[in-house]
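Asker: Sequence plus predicted model, see below.
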Amino acid sequence: MNGLPQWREPRWQNLAVPAGAELRLGLDVLAEPDALLQALRAEIPWEQHRLRLYGREVASPRLSCWIGDTDAVYTYSRTRFVPQPWTPLLAALRDGLAALTAQRFNSVLCNLYRDGNDSMGLHSDDEPELGLQPLIASLSLGATRRFRLRHKRDPARRLELELPSGSLLVMSGTTQQEYRHELPKALRVKQARVNLTFRQVVARG
Ligand SMILES: O=C(O)CCC(=O)C(=O)O
Ligand SMILES: [Fe+2]
């Protein structure tokens, strides 16, 4: 890959979505997603966050980086994240996604799953600074991983998706209010995956 990411006309896949969730999956939204992954691996200042889980501090099972406008401060797992500045590639991806989704984004949570041992536990992105019905644009590069959604109260409402390299999952409506999601371990997976969730953080009043 040389220079900036090249967008493609996405192939939107129809999802059998359980009631309440609003999800769209676009396939092949970018040319050369694996080269983009390598460039982002090198460009982003990855950190291993420490999370508070049941009163204990544990090392997060992945590498992460919170990037955004200087006022896009975000609290997650009771830790306050002050954003790192935009890198050239992430700023270009932000602008392309804004055009594709007709939505502005002032921040992105970057996650690097080094292999199938890395994961993200069940959560919802329902922090007050994201507003009531956030639109979150989640771009996946590298290894295909399984993504699960479960309704917070009704166990019959659940969904599993494969997120391939170059795919874009758009979560909106009441998805965060009604559902939790996770990226389980996948022990056979040896390749890395980068996931970027673009968000719009609103200042607290
Ligand atoms: O890696 C993924 O696909 C999920 C990431 C996620 O849920 C998040 O960043 O909040
Ligand atoms: Fe999430």
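Answerer: Alright, I've got the coordinates. Ligands and ions are numbered 1, 2, ... in the order given.
Asker: Could you point out which residue ranges in this structure have low pLDDT?
Answerer: Along the chain, the parts satisfying pLDDT under 70 run over 2, 77, 204-205.
Asker: In it, where's the longest helix?
Answerer: helix 88-101 (DSSP state H).
Asker: What are the buried residues along that helix?
Answerer: L89, L90, L93, R94, G96, L97, L100, T101 (16 or more other C-beta atoms under 10 Å). Heads up, the C-betas are built off the backbone N, CA and C, glycines and all.
Asker: which outside residues touch that helix?
Answerer: Residues from elsewhere that reach helix 88-101, judged by C-beta atoms under 8 Å, 6 or more residues apart in numbering: 4-5, 7, 10, 26, 29, 36, 39-40, 43-44, 67, 86, 103-105, 108, 110, 135, 137, 139, 168, 170, 196, 198.
Asker: got it, and stretch 11-21?
Answerer: With C-beta under 8 Å, 6+ apart as the test, stretch 11-21 has contacts from 23-28, 149, 151, 157-159, 161, 171, 173-175, 178-179.
Asker: Could you give me the buried positions within that stretch?
Answerer: With burial defined by 16+ other C-beta under 10 Å, the residues of stretch 11-21 counted as buried are V17, P18, G20, A21.
Asker: how far does that stretch stretch from start to finish?
Answerer: From its first residue to its last, stretch 11-21 covers 20 Å (C-alpha to C-alpha, to the nearest Å).
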